[in-house]
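Participant: Provided below are the primary sequence and the corresponding predicted coordinates.
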Amino acid sequence: MTAPEHGFRRPTPVVGDRSSARERGADPTGWRMSEAVVEGLDAAIGARRDLRRYRPDAVPEPYVEKVLRAGHSAPSVGHSQPWRFIVVTDPALRDRAAHMADRARIRQAAGLTPDRAARLLDLKLEGIREAPLGIVVACDRRAAAGGVLGRATFPDTDLWSCACAIQNMWLTARTLGLGMGWVTLFEPVELAELLGLPDGVETLGWLCLGWPDERPPSPGLERAAWSRRLPLDEVVMRDGWHEHAPPTSHLRGPGAEKLVTATDSADDVLTPPDALGVLDRAVSRVAALLDGRVAGGSLVLAGADHPVAALGVSAFEPSVTRDVLTAAVEGTSAGAVAARAAGLEVVAVDAGVSGDPVAGAVDARVAGPRGDLAGAPALSASAVRELVNRGRTIGASAAATGMVALGEVGIGNTTIAGALTCALLTLRPDEVAGLGAGADDAIVARKRQVIADALSRAGAVADPIELLAELGGPEIAVLTGVVLGAASAGAPVVLDGLATSVAAALAIRIEGGVQAYLVAGQRSREAAHDAVLTELGLEPLLQLRLRAGEGVGACLAASLLAQGAAIRAGTAKTIAPTDGSLGD
Ligand SMILES: Cc1cc2ncn([C@H]3O[C@H](COP(=O)(O)O)[C@@H](O)[C@H]3O)c2cc1C
Ligand SMILES: O=C(O)c1cccnc1
């Protein structure tokens, strides 16, 4: 039985939550704060930085109190408020703490590889002496865990509560224009002793607080190429832990129907089955993607210079790079001539040639630091992402013309492609250091050494973008994007020599489905090329011991593909016997 409505007013409590179910149901989003608050919080979170450099000026007490109050407003397990904040201003104490941090830093460096150690020691890690104030956050753990709501099951929740307090203080400091830095470069026992903490009280480290003497737009460790912010989707998993799930590829090869139509087209002509051998398979692949129209397309020729060339790894002057790309624009580079002969358009791309942009080339240049691999990363990760994105756009528009043949030019780039090959396939430098455009023994030995140095500096890197940043070259990054963009737009990609094949291998690491779009134009004379083609699972159409680069081999192969398709299309058709003479 439902009670009759009498029109009574809902008793509204004078304490606590005054909202009614009716109000909440009518506007479930009604608890939202103003736009300014939402944006302000977002801005503070995004702009919070771990500060290492401070002005010596004092911080007024009301500011300090505001920061401490923010810490004290943090959530805590069972509302236990286990944090204690020890404000240190005494210069002598700060000196002793700084000495401890210096020792911890040296000890930590001793456990690293020499290069990583040098990079650690290069970093300024704390500002204990300079910042006028230290706040040591301690957690009073003496209450029995069982007595605190929520701690019996997760005994460390008291420490986590203190970490929440630290984050609150950090954000508040940032909004006030104060800098904060969380220093944990201490032996915890030493820090506890310094401040006379009783047994059962643990510290979470030392927070420097003061007016900043730096205003970093991004994390210092990211700028120092020590680490980077992971993409969100690498840290978010849905419906379970999926660490080993292969990266999902959104690309699919051509559908089964198209594949079968393409192979069928070779079946009813007056030739023995698979008459054209390796070429037949490649023609079928390309025909399936292009609905049988195998002719025409574009050569995308990407060029860049490389600081590694200064280490004596090439037999040629870096100025060749600009000359070849300029000739390509004019239609007179070997690759451009080969493209014309194959009926391909030429898209010359300046991915990073030294000096002014190459006139007439697509400008894909990205500013930023460049290194010689052995001593410093080739590029920053953000530059690589941008180059890959530009390549995607170029690849997608080239796809509209038909086949996409790849070419590269960049004095020194066989060393780069070799280093990437080593990292991708776990090979030794002596297995990949080849003759390039015409090296002698001494040059090959230097290539080997540079690759070895580069690999030990970079350490183990699996992420393809990181790999390109450590060891890559801008033209290889652009070509990686071209492969992704062309394949996403449904076009076959015809590879040339080592560098273009390495770009394809990197593209596969990003999108596994790309493989179905690749054709290996040739196997070049470069030592590592064979291993890369094996990794790609591709048989080359040509083996001419080419050392041209520039897309010459890809264009020759594109001609061959067009001829293969023409042979298929023009050869007399046969009809299946209808008299049953086929079988017994
Ligand atoms: C005149 C000339 C034109 C080229 N076109 C392409 N490459 C080829 O050689 C270079 C890589 O070899 P390494 O690592 O030994 O420097 C790249 O530019 C590649 O495309 C050329 C090389 C030369 C000399
Ligand atoms: O394998 C290649 O692509 C190659 C070889 C020599 C010189 N340039 C490129």
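Facilitator: In hand now; what should we look at? Residues are numbered from 1 along each chain as shown. Ligands and ions are numbered 1, 2, ... in the order given.
Participant: Three-state assignment for Arg84, please.
Facilitator: With DSSP: H, G, I helix; E, B strand; the rest coil as the basis, Arg84 sits in strand.
Participant: Grab the nearest non-local neighbour of it.
Facilitator: Among residues not flanking Arg84 along the chain, Ala138 sits closest, at 4.6 Å (CB to CB, 6 or more residues apart in numbering). Just so you know, the C-beta spots here come from the backbone N, C-alpha and C atoms, and that holds for glycine as well.
Participant: Thought Trp206 was touching the one you found, still the case?
Facilitator: No: the pair Ala138 / Trp206 is not scored as a contact, 10.5 Å apart, by CB atoms under 8 Å.
Participant: that older thread, hey, what's the residue nearest to Arg84 bridged with?
Facilitator: When assigned by DSSP bridges, Ala138 has beta-bridge partners Arg84, Thr203.
Participant: Beyond the helix or strand of the chain with the lowest mean pLDDT, next helix or strand please.
Facilitator: None of the helices or strands of the chain scores lower by mean pLDDT, DSSP states H and E than helix 220-223, at a mean of 75. Going down the chain from helix 220-223, the next helix or strand is helix 232-235, by DSSP states H and E.
Participant: Which element is encountered next along the chain beyond that next one?
Facilitator: Note on helix 232-235: by DSSP H and E, the next helix or strand toward the C-terminus is helix 256-264.
Participant: ok and the residue in the stretch 301-450 of the chain nearest ligand 1?
Facilitator: Per CB to the nearest ligand atom, Gly436 is where the stretch 301-450 of the chain lies closest to ligand 1, at 2.2 Å.
Participant: Am I right that that residue is in a strand?
Facilitator: No: counting by three-state DSSP, Gly436 is not part of a strand but coil.
Participant: Going forward, count from 41.
Facilitator: Renumbered: residue one is now 41, and that last one reads Gly476.
Participant: for it, what are its contacts?
Facilitator: Shown in contact with Gly476 (CB atoms under 8 Å, 6 or more residues apart in numbering): Val353, Ser354, Ala355, Thr454, Thr455, Ile483, Lys487, Glu566, Arg587.
Participant: Sort out for me which of those residues are in strands.
Facilitator: Using DSSP state E, the subset of these located in strands is empty.
Participant: coming back round to it: got the contact list for the residue nearest to Arg124?
Facilitator: The contact partners of Ala178, by CB under 8 Å, 6+ apart, come to Trp123, Arg124, Phe125, Ile126, Cys202, Leu235, Leu237, Val241, Glu242, Thr243, Leu244.
Participant: For Val128, see how far away it is.
Facilitator: Using CB to CB, to the nearest Å, Ala178 is found at 12 Å from Val128.
Participant: before we move on, back to that, quick one: contacts of the least confident helix or strand of the chain?
Facilitator: Contacts of helix 260-263 (CB under 8 Å, 6+ apart): Arg89, Asp90, Arg92, Leu163, Pro256, Ser267, Arg268, Arg269.
Participant: thinking again about what came up before, are any of the contacts of Ala178 buried, and which?
Facilitator: By neighbour count, with 16 or more other CB atoms under 10 Å, those hold Trp123, Phe125, Ile126, Cys202, Leu235, Leu237, Val241, Glu242, Thr243, Leu244 as buried.
Participant: For ligand 2, give me its nearest residue in the stretch 391-540 of the chain.
Facilitator: Nearest residue of the stretch 391-540 of the chain to ligand 2, counting by CB to the nearest ligand atom: Gly537, 1.7 Å away.
Participant: isn't that residue right next to Arg585, touching?
Facilitator: No: Gly537 is not in contact with Arg585 according to CB under 8 Å; the separation is 10.8 Å.
Participant: higher neighbour count, those two?
Facilitator: In this view Gly537 and Arg585 are compared by other CB atoms under 10 Å, and Gly537 has more residues nearby, 30 against 10.
Participant: ok, and the closest non-adjacent residue to the more buried one?
Facilitator: That would be Ser564: by CB to CB, 6+ apart, it lies 3.8 Å from Gly537.
Participant: Spit out the contact partners of that neighbour.
Facilitator: Residues in contact with Ser564 (CB under 8 Å, 6+ apart) are Asp536, Gly537, Leu538, Arg585, Leu586, Arg587, Gly593.
Participant: Which member of the residues you listed is positioned nearest Ser305?
Facilitator: Gly593 (26.0 Å; CB to CB).
Participant: so what secondary structure elements neighbour the helix or strand the closest one falls within?
Facilitator: In this assignment (DSSP H and E), Gly593 forms part of helix 592-610. Packing contacts for helix 592-610, counted by 3 or more CB pairs under 8 Å, 6 or more residues apart in numbering; DSSP states H and E, involve helix 318-329, strand 337-344, helix 374-381, strand 443-449, strand 533-535, strand 558-560.
Participant: what about it and ligand 1, touching?
Facilitator: No: using CB under 6 Å from any ligand atom, helix 592-610 stays clear of ligand 1, coming no nearer than 8.1 Å.
Participant: Show the average pLDDT along that helix.
Facilitator: With pLDDT averaged residue by residue, helix 592-610 scores 97.
Participant: For Lys298, which non-adjacent residue is closest in space?
Facilitator: In space, Lys298 is closest to Ala328, 4.3 Å off (CB to CB, 6+ apart).
Participant: err, Leu507, not the other one
Facilitator: Val501 (5.2 Å).
Participant: got it, and Ala543?
Facilitator: Leu519 (3.6 Å).
Participant: got a list of what the one you found touches?
Facilitator: Residues near Leu519 by CB under 8 Å, 6+ apart: Val340, Ala342, Gly431, Leu446, Glu448, Ala539, Thr540, Ala543.
Participant: tell me the contacts of the first one?
Facilitator: Val340 is in contact with Val387, Val389, Ile434, Gly435, Ala438, Val444, Ala445, Leu446, Gly447, Leu519, Val522, Gly591, counting by CB under 8 Å, 6+ apart.
Participant: Go over the secondary structure and confirm Ala76 is in a helix.
Facilitator: Yes: with the criterion set as three-state DSSP, the secondary structure at Ala76 is a helix.
Participant: Would you check how far apart it and Arg109 are?
Facilitator: Note on Ala76: its distance to Arg109, by CB to CB, is 21 Å.
Participant: Who has more neighbours out of those two?
Facilitator: A count of neighbours by other CB under 10 Å puts Arg109 above the other of Ala76 and Arg109, at 12 against 8.
Participant: Could you list the domains of this protein?
Facilitator: According to automatic domain parsing, the chain comprises the domains 81-274, 334-601.
Participant: quick one: secondary structure of Gly221?
Facilitator: Taking three-state DSSP, the label given to Gly221 is strand.
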